[in-house]
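Q: turn this into a structure:
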Amino acid sequence: MASGYISQSAHLNIVWSMGLCILGRHPWEKLPLYALSHILGAFLGAATVYLQYYDAIQVFSGGELLVAGPSATAEIFCSYPADHLSFWGGLVDQVVATAVLLIGCLALEDRRQGPLPDGLTPVLMGALVLTIELSMGSNCGCPLNPARDLGPRLFTFIAGWGEEVFKAGGDWWWIPTVAPFVGALIGTVIYELLIEAHHRNTPQEEQSPGQELETADKEEVVVDSRNNR
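A: The predicted structure follows:
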C-alpha cells in the first residue's frame, strides 16, 4: 500500500514483476535490478528478525544453530520441505501456488474486470496471499517468492547455520528459487489466454496498471516526433 503509487502497484514479488514484463507492462531491463533489490530487502528483513529475537533463538536452540531436528531454527527464516514431501511434489506445489497467485493478482489489478474502491486492492492482495498460504502451506511453508526465500537463506548461511541451509532436503533451496518463476509464467499465460485476450479493445481509461505507462510513453514519442518536424 505504501509503495503502490511509486512502483506501479508495488513490485513486492519478483515473479509479479516478471509477469508484467511478459505482458509488456514493465521493461525487461529493469527486472534484474528489481530482483537484486528484493533479495537485499529480504536479507535485511531476516537480519532484523534475527536481531529482534536473538535471545529467544539462542535459548530455544541451546546456542547451536541447526537446520534440522527438534531444536532447528533455520525454518524461521526460509522454507524447508515437510518430511512427506518428495522432490516432484515440492516442484508441483510451488508451480501451482505461484500460478494461482499470479492469476489472482492480475485479476485484482485488471480494472476492466470492474473498479475497486480506493485502497481495497492491497487488502484483497493480502487476503489472497493469506488464503494461498493457509490452503497450500503445509508442504513447505508456501514461499511463493524466490527473493523472499533466497535472501533469508543467504542470511542464515552467513549468520551461523552454515552450508547446511543449501544442502538440507536434498538441495531443496533451488525449488523455491526456480519453481515460482515457472508458476508465474504459467499463471500469466493462463490469464492472458482466458481473460486478457477477451477485452483487448477496452478503452484506455479502463486499462490495468502498467498499461497507462505504456500508453503515456507512446504518446510522448508521438509528440516528440511532431515537435521535431
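
Q: mean pLDDT per helix and strand in this structure: which one sits at the bottom?
A: helix 211-227 (a mean of 49; mean pLDDT, DSSP states H and E).

Q: where does the residue nearest to Ile22 when sequence neighbours are not counted land in three-state SS?
A: The shortest distance from Ile22 to any non-neighbouring residue, by CB to CB, 6 or more residues apart in numbering, is to Thr188 (5.0 Å). Where you see a C-beta, it was placed from the backbone N, CA and C, and this is true even at glycine. Using DSSP: H, G, I helix; E, B strand; the rest coil, the secondary structure recorded for Thr188 is helix.

Q: residue contacts, Thr188?
A: With contacts defined as CB atoms under 8 Å, 6 or more residues apart in numbering, Thr188 is in contact with 18-19, 22-23, 102, 106.

Q: and which of those is nearest Glu64?
A: Of all the contacts of Thr188, Glu64 sits closest to Met18, with 38.6 Å by CB to CB.

Q: tell me who's in contact with that closest one.
A: Contacts of Met18 by CB under 8 Å, 6+ apart are 31, 181, 184-185, 188.

Q: distance-wise, check it relative to Leu40.
A: 18 Å (CB to CB, to the nearest Å).

Q: which positions within stretch 142-160 qualify as buried?
A: For stretch 142-160, the neighbour count (16 or more other CB atoms under 10 Å) marks 142-157, 159 as buried.

Q: my bad, stretch 80-88
A: Within stretch 80-88, the residues that qualify as buried are 80-81, 85, counting by 16+ other CB under 10 Å.

Q: re earlier: so among the contacts of Thr188, where is pLDDT lowest?
A: Within these, Leu23 has the lowest pLDDT, namely 86.

Q: any idea how far Asn145 is from Glu29?
A: From Asn145 to Glu29 the distance is 21 Å (CB to CB).

Q: what residues are up against the residue sitting nearest the centre point of the chain?
A: The centroid of the chain falls nearest to Asn13 when counting by CA atoms, centre = their mean (2.8 Å). By CB under 8 Å, 6+ apart, the contact set of Asn13 is 38, 101, 144-145, 147-148.

Q: how does it look with 10 Å?
A: Asn13 is in contact with 19, 34, 38, 98, 101-102, 105, 129, 144-148, 180, 184, counting by CB atoms under 10 Å, 6 or more residues apart in numbering.

Q: and the furthest pair within these?
A: Tyr34 and Val129 (18.6 Å).

Q: what segments of this structure are helices?
A: For the chain, the helices defined by DSSP state H cover 14-22, 31-52, 54-61, 87-109, 120-136, 146-156, 164-171, 174-194, 211-227.

Q: which stretch in those helices has the least confidence?
A: Ranked by mean pLDDT, the helices of the chain end with helix 211-227 at the bottom, a mean of 49.

Q: before we move on, back to that, let's have the contacts of Met18 in JSON lines, adding distance to Gln113.
A: Shown next, in JSON lines, are the contacts of Met18 (distance: CB to CB, whole Å):
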{"residue": "Leu31", "distance to Gln113": "26"}
{"residue": "Phe181", "distance to Gln113": "25"}
{"residue": "Ala184", "distance to Gln113": "20"}
{"residue": "Leu185", "distance to Gln113": "22"}
{"residue": "Thr188", "distance to Gln113": "16"}
